[in-house]
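[1] Sequence first, then the predicted structure, then my questions.
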Amino acid sequence: MAEWSGFYPCTCIAVDAQAYGGNNDRRQSEIQHDLPRILSRAARGTGLDRSRWHIQPKGDEELAVHPMDGTEPRLVDDFVRHLVSELREYNGLRVPTARMRLRAAIHHGPVELADNGFAGTTVVTTARLLSSRHLYDALATNADADLALLLSDDVYRSTVAGGHTTLSAADFRSVTVREKEYEAAAWLQVPGHDVRGPGPGPGAGGLTTAQPQPSADGGPSGASVAGHDYRGEQISVNNFTAPVDLRGGVVGFGSAGG
């Protein structure tokens, strides 16, 4: 198990079993037995060493923390894929009411190994993401899904947007998470499901969308925007001869002929 002193850059992944409290005692015991084994099998399938992770079990929930070591893209991509596969196999042997469905969140930042667990806002942020209404709603909307995931904006930009995974913007939906004192952008994924469809607006939980816009030939361009629809008739052409502050603006370049 990796050790460090003081605050050190770490990755946090938290998972929680959906609707755990509605199960009887024996089923709750079974979930607590099976959850860490499912997570360990997913890690082994990915080639990640969970013995290097500091794990805080909480019954139907687990928080794992490990120093950032270059494996974060594999955690976001391969580990999640293997976890979905493990859940699919596990649930395929059970009646619908005995399925294990997970909410998950991944964030990174400074974490300290404290006397009673982990210290730092990174851990608090991970917990806020895991508690987000967006994850509950995603599982309710996609009844056949076994996993709903939120990436913090930092993790999304450093792994997915950075091109370090096999994932793309089309696999995610931009949302705003508001939990207690926390408010920030995050990225929702329900593996195997399209989460980019219309949903409640900001007044109903702060949901925003990031969808590919059509290119000139009518196909998707792959670029993501959030709440803006730029049209040709809305474009203004200006000539500047002095420095201009264009923060928040959109600039295009072209010839005099268009």
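    That came through fine. Numbering: from 1, shown residues only.

[2] going forward, measure contacts and count neighbours with C-alpha atoms only.
    Will do.

[3] What are the boundaries of the helices in the stretch 51-200 of the chain?
    According to DSSP state H, counting those that start in this stretch, the stretch 51-200 of the chain carries its helices in the segments 72-74, 80-92, 121-130, 133-141, 153-155.

[4] can those helices go into TSV with extra columns for distance to Ser51?
    Listed next are the helices of the stretch 51-200 of the chain as TSV, based on distance: least, C-alpha to C-alpha, whole Å:
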stretch	distance to Ser51
helix 72-74	16
helix 80-92	17
helix 121-130	20
helix 133-141	28
helix 153-155	23
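
[5] closest to Glu62 out of these?
    Closest of the helices of the stretch 51-200 of the chain to Glu62 is helix 121-130, at 10.5 Å (criterion: C-alpha to C-alpha).

[6] Give the buried residues for that closest one.
    By neighbour count on 16 or more other C-alpha atoms under 10 Å, the buried set for helix 121-130 is Thr122, Val123, Thr125, Thr126, Ala127, Arg128, Leu129, Leu130.

[7] could you list every residue that touches the third one?
    To tie it back to what came earlier, the one meant is Thr125. Contacts were defined as C-alpha atoms under 8 Å, 6 or more residues apart in numbering; by that measure Thr125 touches His107, Tyr182.

[8] And the strands in the protein, which stretches?
    Secondary structure of the chain by DSSP state E: the strands cover 8-17, 54-58, 61-67, 102-114, 117-119, 147-152, 173-179, 182-189, 211-214, 220-225.

[9] and Val195, how many neighbours does it have?
    The number of residues packed around Val195, counting by other C-alpha atoms under 10 Å, is 22.

[10] I'd assumed Val175 was in contact with it.
    No: using C-alpha atoms under 8 Å, Val195 is not in contact with Val175, being 10.8 Å away.

[11] Need the overlap of contacts for those two.
    Common contacts of Val195 and Val175, defined by C-alpha under 8 Å, 6+ apart, comprise Leu188.

[12] In this structure, where's the longest helix?
    Taking DSSP state H as the criterion, the chain has its longest helix at helix 25-46.

[13] Which neighbouring elements make contact with it?
    The contact analysis (3 or more C-alpha pairs under 8 Å, 6 or more residues apart in numbering; DSSP states H and E) places helix 25-46 against helix 80-92.

[14] Now do the helix it packs on and strand 147-152, the angle between them.
    In terms of direction (axes from the mean of the first three to the mean of the last three C-alpha atoms, to 10 degrees), helix 80-92 departs from strand 147-152 by 160 degrees.

[15] Quickly note the distance from Ser168 to Tyr156.
    Counting by C-alpha to C-alpha, to the nearest Å, the gap from Ser168 to Tyr156 is 10 Å.

[16] do Tyr20 as well
    Noted for Tyr20: a distance of 28 Å to Tyr156, by C-alpha to C-alpha.

[17] if you count what's nearby, which of those two comes out ahead?
    Counting neighbours by other C-alpha under 10 Å for Tyr20 and for Tyr156 shows that Tyr156 has the greater number, 23 against 17.

[18] Name all residues that make contact with that one.
    For Tyr156, the contacting residues are Ala186, Trp187, by C-alpha under 8 Å, 6+ apart.

[19] wait, isn't Ala185 in contact with Leu151?
    No: the criterion here is C-alpha under 8 Å, and Ala185 misses it with Leu151 at 9.3 Å.

[20] wait, what's in contact with the closest residue to Leu147 other than its chain neighbours?
    Setting aside the residues directly before and after it, Leu147 is nearest to Leu102 in space (C-alpha to C-alpha, 6 or more residues apart in numbering), at 4.9 Å. Neighbour list for Leu102: Val15, Asp16, Ala17, Gln18, Asp146, Leu147, Ala148 [criterion: C-alpha under 8 Å, 6+ apart].
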